[in-house]
Structure formats: structure tokens, C-alpha cells
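Okay, structure incoming, though there's no sequence with it:
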């Protein structure tokens, strides 16, 4: 991916206010935004010993706001970034070494996305790999990462647990959401997809991982 220009537009002065009833949430997803905004959200949360905080970020913020981003990363449990961003953030070209370096920054779980080649979860010494669905048609890859993060965090919130097993299962749900996203422009596929559509896509992913035909 070559980013030629980034315009923040409505996000330039975005100042989210967390509603009172959500401030003790057990699962918090910090979307791919300015680390200052992410920190602002964290500052509004009330203590919750069972909370898991997920963070999505990208090279744009590493270039512009690295010191602030590193401070935010110290406070999160799960980070999702792509392979190029993992290398940039860690200074390591090898993804295993990159994950180890990012672990030391704070996150217990490091998820490294590889686009059409799936995603890797690094947790302790037990890496986990989730394949991406082979698709005949990709219309618009924009938003696939956000869909992945949304599917993952939504699954964890619905299960009310954030164990390593739940995060692995959540990665599969995130992968399913991303596979639906890329099939149409923008959010069209996600908005139109029914629970049945999602389940069918998820089952395709499950069959892909099954060694028994």
C-alpha cells in the first residue's frame, strides 16, 4: 500500500464523549484514530479490573504521533496492525521478533494482519494463525481492517469474556466481517448482510480450516 495523501476531514476536530453508562465497559475498542483521541477516551473510563482494551492503529499515526501512540499502547491489552506497520513500530522485519518487541510495549495479545493472507495472533509462546477467505471478487478493500477490528471486539463483547480462546474465535469473526466488507463499495455489504449471510461466510472459513473433508 502506498499512501499518497491523507485528509482527516471530519476527524480533524473529533472529540468523542463516552456516555456515562458505557464508561465501565468490559471491552473497549479504540478505533484507528489520533492517539490523542484514543487517550481522551481512556481518560473517561471508570475502573474495571476485568476490562480488555483493544487498539487499532496505522503508519500515519506512527509517523505523526509516535510518542503519544507509544503511551497509549502501554495501556492496551490487544493491538491489531498489519505486517508493514508491525515492522515499522518495532523496527524488526521478522514478524515473530516484531511481535515480541510489541509485547514489551504493553499489549498481552499482538494481532498482525496480512491482508489476503490472513492474520497472526501472538500470545505468550503460542502463536495462532487464521486464514483469510479466498475470494473470487474484491471490489473495495477500504475498511477491511476496521471491519476486522469491529468483528473481533463485537464478538468479545457478546461473549462477555476475553480469554485467549475467545480472542482466537473473535479473530475468525473479524476475518468474516472483513471478507464481507471487501465485496462491495464502502459499507454496503456489511449494512445489507443478514445474520444468515454472516453465518454462511463464517462456515466457509471454518471449512477452510478443517482438515477433514
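Noted; the coordinates are in hand. Just so we're clear, the structure is a prediction, and the values are computed from it rather than from any experiment. Numbers count the residues shown, from 1 in each chain.

And the residue lying closest to residue 93 once chain neighbours are set aside, how close does it get to residue 67?
Of all residues not flanking residue 93 in the chain, residue 87 sits nearest, at 5.4 Å (CB to CB, 6 or more residues apart in numbering). All C-beta spots, glycine's among them, are computed from the backbone N, C-alpha and C. According to CB to CB, to the nearest Å, residue 87 and residue 67 sit 19 Å apart.

More neighbours: those two, which one.
More crowded of residue 87 and residue 67, by other CB atoms under 10 Å: residue 87, with 19 against 7.

pLDDT wise, what is residue 23 at?
pLDDT, residue 23: 97.

for it, what are its contacts?
Counting by CB atoms under 8 Å, 6 or more residues apart in numbering, residue 23 makes contact with 44, 45, 46.

any chance of those in TSV, plus pLDDT, neighbour count and secondary structure?
Formatted as TSV, these follow (pLDDT from 0 to 100; neighbours: other CB atoms under 10 Å; DSSP: H, G, I helix; E, B strand; the rest coil):
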residue	pLDDT	neighbour count	secondary structure
44	98	14	helix
45	97	15	coil
46	97	11	coil
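
Adding distance to residue 58, write these out as TSV.
Supplementary listing: these in TSV, determined by distance: CB to CB, whole Å:
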residue	distance to residue 58
44	23
45	23
46	29
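
Report the secondary structure state of residue 140.
At residue 140 the chain is in coil, as set by DSSP: H, G, I helix; E, B strand; the rest coil.

What is the burial count for it?
15.

Surely it is in contact with residue 182?
Yes - under the criterion of CB atoms under 8 Å, residue 140 makes contact with residue 182 at 6.3 Å.

Name the residues of stretch 162-176 that are buried.
Neighbour counts over stretch 162-176 (16 or more other CB atoms under 10 Å) mark 162, 166, 167, 168, 169, 170, 171, 172, 173, 174, 175, 176 as buried.

Looking at these, spot the one nearest residue 12.
residue 174 (27.8 Å; CB to CB).

tell me the phi and psi of that closest one?
In terms of degrees, to the nearest 10, the main-chain angles of residue 174 are phi -60, psi -40.

And the helices in this structure, which stretches?
Here the chain has its helices, by DSSP state H, at 35-44, 59-64, 66-73, 83-90, 95-105, 144-159, 164-181, 188-192, 195-209.

Centre of the chain to the longest one, how far?
Yep, that's helix 164-181 we're talking about. Centroid separation for helix 164-181 versus its chain: 9 Å, with CA atoms, centre = their mean, to the nearest Å.

okay, the angle between that helix and helix 195-209?
Orientation check (axes from the mean of the first three to the mean of the last three CA atoms, to 10 degrees): helix 164-181 against helix 195-209 gives 110 degrees.

pLDDT on helix 164-181, on average?
On average, helix 164-181 scores 95.

low pLDDT regions in the chain?
Along the chain, segments meeting pLDDT under 70 span 1, 211-213.

Now the residue positioned nearest the centre of it: closest residue in space that isn't a chain neighbour?
Centroid check for the chain by CA atoms, centre = their mean gives residue 149 as the closest residue, at 3.3 Å. Distance criterion CB to CB, 6+ apart; nearest residue to residue 149, sequence neighbours excluded, is residue 56 at 4.5 Å.
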